[in-house]
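# give me a model of this one.
(one chain, ligands or ions: 1)
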Amino acid sequence: MAKAIVLQGSSGFDNLRMVERPVPHPRRQEVLIRVRATSLNYRDVEIARGSYHTTFPLPLIPLSDAVGEVVAIGDEVTRFSVGDRVCSTFWQRWVAGPFEMAEASNQRGGPRDGLLSEYALLDEQAAVLAPRNLSDLEAATLSCAGVTAWHALVSEGAMKAGDTVLVQGTGGVSLFALQFAVAGGARVIVTSSSDAKIEKAKALGAFVGINYRSTPEWGAAVLDLTEGRGVDHVIEVGGPQSFSQSLKAVHRGGQINVIGYLGGSEGSINPLEIFRRQVRVRGIPVGSRASFEAMVRAIEGNDLKPVVDRVFPWTDVADAMRYLESGAHFGKVVLAHHN
Ligand SMILES: NC(=O)c1ccc[n+]([C@@H]2O[C@H](COP(=O)([O-])OP(=O)(O)OC[C@H]3O[C@@H](n4cnc5c(N)ncnc54)[C@H](OP(=O)(O)O)[C@@H]3O)[C@@H](O)[C@H]2O)c1
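You can find the predicted model right below:
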């Protein structure tokens, strides 16, 4: 038997319960992993507390992001061997190509069972080798936040040296974007609610920061900091209200990657602003396995280390979710699976 944590009955962190289930057997083209570490994304917190835009049937094993060791393989597995260290992918069928290759019903952590367990099955097409330069705790951070940042800036955005990138806040997605931008020779402007976090972001390579609480009209401040030119790429996680600032901050023909709505989902946008500045606005749905694999090459080639803010035992997932919800973190919140 193996332990797993399920959200059962109804939403709410107190409804995350430990259960025992038989260790699953890998079927054709599946691998069984012993999970070594998982990480939290904002989505996981929303699903657990019941505020996510979609409701999933319960019971549900949460979390999309894990790293683990392959301990058994099913028939006709060709991509992995026992002993390999692999990361799960967010989308189970989106190997490469356009987004229509993904299937909405095939995301781990909802609606499909996630990885908050001792053992988990992965389709061999929905896993990648973990970067060799990362610890288990670091490798567990990549599947959602890392791939989202990479897909936005590199796969879709074709970012190049000399570009300017604006990242909003200092959560998982934004700090990955900061690190990929710096590694790619771009200049990074970070916004944050905290001056102390801005200093930490500068230590990672951001050239300047703006406090979006004390400077709510930060779009104008970005123009001042860029000699009126504006930024080439925006990592937009704030929602409609920050979007209006992003439209002010972006260079003509620049790109806004619409990723999250941390500041709320209500607000109005004037499409003429998009037209006037010839802005390219794009929704980002995490990314494909091909994006993940390209990101792994960059992480290994540049020896990039994800920013792990805090590690909890996996059995303390409710405390970890409350911590993420508080917004105190800088980077990723990780769960260690001791087995
Ligand atoms: N579309 C996708 O594929 C995709 C993938 C991953 C995540 N997301 C979404 O992207 C967002 C970020 O995810 P995450 O996992 O990086 O979250 P996270 O790690 O929890 O990051 C949250 C951070 O964002 C900042 N923030 C909070 N409210 C903000 C606001 N109104 N404006 C600007 N920044 C704000 C805060 O940084 P400071 O403390 O520095 O202020 C906060 O610490 C979430 O909405 C998530 O659902 C979407």
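# got a list of what whichever residue of the chain sits closest to the ligand touches?
Nearest residue of the chain to the ligand (C-beta to the nearest ligand atom) works out as residue 171 at 1.7 Å. In this view, the C-beta of every residue, glycine as well, is placed from N, C-alpha and C. The contact partners of residue 171, by C-beta atoms under 8 Å, 6 or more residues apart in numbering, come to 42, 145, 237, 262, 329, 331.
# ok, the third one - how many residues close by?
Residue crowding around residue 237 was assessed by other C-beta atoms under 10 Å; the count is 24.
# which residues touch it?
Shown in contact with residue 237 (C-beta under 8 Å, 6+ apart): 168, 169, 171, 173, 174, 259, 260, 261, 262.
# again, only using 10 Å
Counting by C-beta atoms under 10 Å, 6 or more residues apart in numbering, residue 237 touches 42, 148, 167-169, 171-174, 177, 191, 257-263.
# picking up where we left off before, which of the contacts of residue 171 sit farthest apart?
Spatial extent of the contacts of residue 171 (C-beta to C-beta) is set by the pair 262 and 331 at 15.2 Å.
# more crowded one of those two?
More crowded of residue 262 and residue 331, by other C-beta under 10 Å: residue 331, with 24 against 15.
# how close does the nearest residue to the more buried one once chain neighbours are set aside get to residue 94?
Computed as C-beta to C-beta, 6 or more residues apart in numbering, the closest residue to residue 331 that is not its neighbour in sequence is residue 307, at 3.1 Å. When distance is defined by C-beta to C-beta, to the nearest Å, residue 307 is 26 Å away from residue 94.
# what does the chain put close to the ligand?
41-43, 144-145, 148, 168-174, 192-194, 197, 212, 237-238, 242, 259-263, 284-286, 324, 327, 329 (C-beta under 6 Å from any ligand atom).
# report the buried members of the residues you listed.
The neighbour-count criterion (16 or more other C-beta atoms under 10 Å) marks 41-43, 144-145, 148, 168-174, 192, 194, 197, 212, 237-238, 242, 259-261, 263, 284, 286, 324, 329 among those as buried.
# now do the same contact list for the nearest residue to residue 2 once chain neighbours are set aside.
Spatially, and ignoring its direct neighbours in sequence, residue 2 is nearest to residue 118 (4.2 Å; C-beta to C-beta, 6+ apart). Residues counted as contacts of residue 118 (C-beta under 10 Å, 6+ apart) are 1-5, 20-21, 23, 33-35, 68, 314, 337-339.
# which of those tops the neighbour count?
Ranked by neighbour count (other C-beta under 10 Å), the contacts of residue 118 have residue 68 at the top, with 31 neighbours.
# partners of the helix or strand hosting it, with directions?
Following DSSP states H and E, one finds residue 68 within strand 65-73. Paired neighbours of strand 65-73 in the sheet (DSSP bridges): strand 30-39 (antiparallel), strand 85-88 (antiparallel).
# I'd like the ones you listed as JSON lines, with distance to residue 201 and mean pLDDT appended.
Below are the strands paired with strand 65-73 laid out as JSON lines (distance: least, C-beta to C-beta, whole Å; pLDDT from 0 to 100):
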{"stretch": "strand 30-39", "distance to residue 201": "20", "mean pLDDT": "98"}
{"stretch": "strand 85-88", "distance to residue 201": "25", "mean pLDDT": "98"}
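# among those, which is nearest residue 124?
Comparing these by their distance to residue 124 (C-beta to C-beta), the top pick is strand 30-39, with 5.6 Å.
# got the CA positions of the closest one in PDB?
Extracted C-alpha coordinates of strand 30-39, given in PDB (Å, rounded to 0.1, in the frame of the first residue of the first chain):
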ATOM      1  CA  GLU A  30       3.500   4.000 -18.500                       C
ATOM      2  CA  VAL A  31       6.100   4.400 -15.800                       C
ATOM      3  CA  LEU A  32       5.700   4.200 -12.100                       C
ATOM      4  CA  ILE A  33       7.600   6.800 -10.100                       C
ATOM      5  CA  ARG A  34       8.400   7.100  -6.400                       C
ATOM      6  CA  VAL A  35       7.700  10.700  -5.900                       C
ATOM      7  CA  ARG A  36      10.700  12.600  -4.300                       C
ATOM      8  CA  ALA A  37       9.300  16.200  -4.300                       C
ATOM      9  CA  THR A  38       6.300  18.200  -5.500                       C
ATOM     10  CA  SER A  39       5.700  21.900  -5.700                       C
END
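# doesn't residue 209 make contact with residue 174?
No. Counting by C-beta atoms under 10 Å, residue 174 does not reach residue 209; the two are 11.5 Å apart.
# now do the shared contacts for these two.
Joint contacts of residue 174 and residue 209 (C-beta under 10 Å, 6+ apart) are 167, 188, 190, 191, 192, 201.
# phi, psi of the third one?
Summarising the backbone geometry of residue 190 under the convention degrees, to the nearest 10, its torsions are phi -120, psi 140.
# and for it, the neighbour number?
Applying other C-beta under 10 Å, we find 28 residues neighbouring residue 190.
# now the residue nearest to residue 2: how far from residue 68?
With distances taken as C-beta to C-beta, residue 118 is found 9 Å from residue 68.
# shared neighbours of those two, anything?
Shared contacts of residue 118 and residue 68, defined by C-beta under 10 Å, 6+ apart, are found at 33, 34, 35, 337, 339.
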